[in-house]
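Student: Sharing a model prediction with you, sequence too.
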Amino acid sequence: MAIPVVDLASIINHSNEDDRKKAVNEFGKACLEFGFLRIINHGLPGELITSSREVTEKFFDAPIDEKLECKPVSSILPAGYGKMNGSFGCNEWLMVCQPALGFNVFPSTVPHLRETLEEVYMYLQNLGTMVENMVNDYLGLPNSFLNQFNDDRSKDVLMCWRYPPVAADDSNKIGREEHQDTNCFTFLLQDDAGGLEYEKDGSWIPVPPLEGSLVVNVGSTIQALTNKKLVAARHRVWKPEGRTRHSLAFFYNIGSEKWIEPLPKFTDEIGEAPKYKGFIYKELLEARLKKERNPHTLREEVLNLEHFAIPVDDCNYC
Ligand SMILES: O=C(O)CCC(=O)C(=O)O
Ligand SMILES: [Fe+2]
């Protein structure tokens, strides 16, 4: 199986307890074995998926001056338009934050852009809370433990990406270098260009587009909290030849001041040594973004969770 597919209909429709348990188990097992999966019947309406694609494409097609007017107004959460350059490609993005914060900036020239993307944001934020609760139950944590631990929803972000096309003879076709997401869970909608791959047991597995489905992946924060019981799968994106690629990635995050360390349930309570030192979430996220957005950074310099790994020799248990 290239990538597991989990049907969430019984969760969305509040079916009977047995069906819910079945879906929770399938979802949890896929997170445990792959860290990368697809979900169907996830509650995000098909028309909203289609319209979000249409409006984001229109936005990116707009003249550069109009896009540059969507400059971020907040340095804490830089919602708005941006473009990368340098070693991490030259992708464009539009970042959408929690609508209630008032940081979102959109051009007035693309009708329905704000309503559509903010609606997608709210759907995916609720889905994040639901998925977090499913993983909570699968792992046998106390009722709603993860939801309560991760109760600050102000840092969740929706990133709309446009990858530029490459020529067939281009020597560098990578659109997004291999990486693990730092957050808790990511939900991804991709258009029909393909190009996404994740790593499983040392091999790169393609994740071809499947209309209506959402790709979910586990992030490094969950990896740290579960002491590596769940692992954040590495993934990367190839740019398509002769056409653009669009994707929407929703990052279900955690508060930036939150202290992250392996939970006792996965360490002391089962006699296992912690594999990571504790850290404040922003130490990981900010250091990583700073490096990633610097065009002179080499791929191996980008900070990831392994920066906080406890070498086996240093542990008190061994
Ligand atoms: O565009 C994609 O398909 C993946 C994007 C991604 O991995 C990310 O934004 O972290
Ligand atoms: Fe990612």
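Tutor: Right, received. Where do you want to start? Numbers count the residues shown, from 1 in each chain. Ligands and ions are numbered 1, 2, ... in the order given.

Student: burial count for the residue in the stretch 201-318 of the chain positioned nearest to ligand 1?
Tutor: Of all residues in the stretch 201-318 of the chain, the one sitting closest to ligand 1 is Ser247 (3.4 Å; C-beta to the nearest ligand atom). No exception for glycine: its C-beta is placed from N, CA and C like everyone else's. Number of residues near Ser247 (other C-beta atoms under 10 Å) recorded here: 25.

Student: That one pairs with what?
Tutor: Trp161, Gln190 (DSSP bridges).

Student: neighbours of Glu199, just the number please.
Tutor: 16.

Student: near ligand 1 at all, stretch 191-206?
Tutor: Yes: interface with ligand 1: stretch 191-206 contributes Leu196 (C-beta under 6 Å from any ligand atom).

Student: Low-confidence ranges, this protein, go.
Tutor: Under the criterion pLDDT under 70, the flagged ranges of the chain are 1, 85-89, 290-302, 314-318.

Student: Up against ligand 1, what does it have?
Tutor: Selection of the chain residues close to ligand 1 by C-beta under 6 Å from any ligand atom yields Met159, Trp161, Arg176, Asp181, Leu188, Gln190, Leu196, His235, Val237, Ser247, Ala249.

Student: now stretch 249-269, how far from the chain's geometric center?
Tutor: 15 Å (C-alpha atoms, centre = their mean, to the nearest Å).

Student: How about Arg288, nearest residue that isn't a chain neighbour?
Tutor: Spatially, and ignoring its direct neighbours in sequence, Arg288 is nearest to Leu303 (4.7 Å; C-beta to C-beta, 6 or more residues apart in numbering).

Student: Contacts only, for Gln125.
Tutor: Gln98, Arg153, Asp156, Phe250, Tyr252 (C-beta atoms under 8 Å, 6 or more residues apart in numbering).

Student: same thing but at 10 Å, please
Tutor: For Gln125, the contact set (C-beta atoms under 10 Å, 6 or more residues apart in numbering) comprises Gln98, Pro99, Arg153, Asp156, Leu158, Phe187, Phe250, Tyr252, Asn253.

Student: Cys70 too?
Tutor: 59, 62, 79-82, 94-95, 104-107, 110, 113.

Student: ok, now Asp7?
Tutor: Asp7 neighbours (C-beta under 10 Å, 6+ apart): Asp19, Lys22, Ala23, Glu26, Phe27, Arg38, Ile39, Ile40, Asn41, His42.

Student: what secondary structure does the second one sit in?
Tutor: It stands for Lys22. helix (DSSP: H, G, I helix; E, B strand; the rest coil).

Student: And it, how far from ligand 1?
Tutor: 29 Å (C-beta to the nearest ligand atom, to the nearest Å).

Student: Excluding chain neighbours, what is closest to that residue?
Tutor: Ser10 (6.9 Å).

Student: Pretty sure the one you found sits in a helix.
Tutor: Yes: according to three-state DSSP, Ser10 belongs to a helix.

Student: Would you map the strands across the stretch 1-150 of the chain?
Tutor: With strands called from DSSP state E, counting those that start in this stretch, the stretch 1-150 of the chain shows them at 5-7, 36-40, 80-83, 92-96.

Student: ok now the shortest one, how far from the chain's centre?
Tutor: Counting by C-alpha atoms, centre = their mean, strand 5-7 is centred 18 Å from the centre of its parent chain.

Student: Please apply the same query to stretch 193-210.
Tutor: Using C-alpha atoms, centre = their mean, the offset of stretch 193-210 from its chain centre is 15 Å.

Student: Endpoint to endpoint, it covers what distance?
Tutor: 11 Å (C-alpha to C-alpha, to the nearest Å).

Student: cool, stretch 289-309 as well?
Tutor: Stretch 289-309: ends 19 Å apart by C-alpha to C-alpha.

Student: how many degrees apart are the longest helix seen in the chain and strand 36-40 in direction?
Tutor: If you go by DSSP state H, the chain has its longest helix at helix 113-138. Helix 113-138 and strand 36-40 meet at an angle of 110 degrees, taking axes from the mean of the first three to the mean of the last three C-alpha atoms, to 10 degrees as the criterion.
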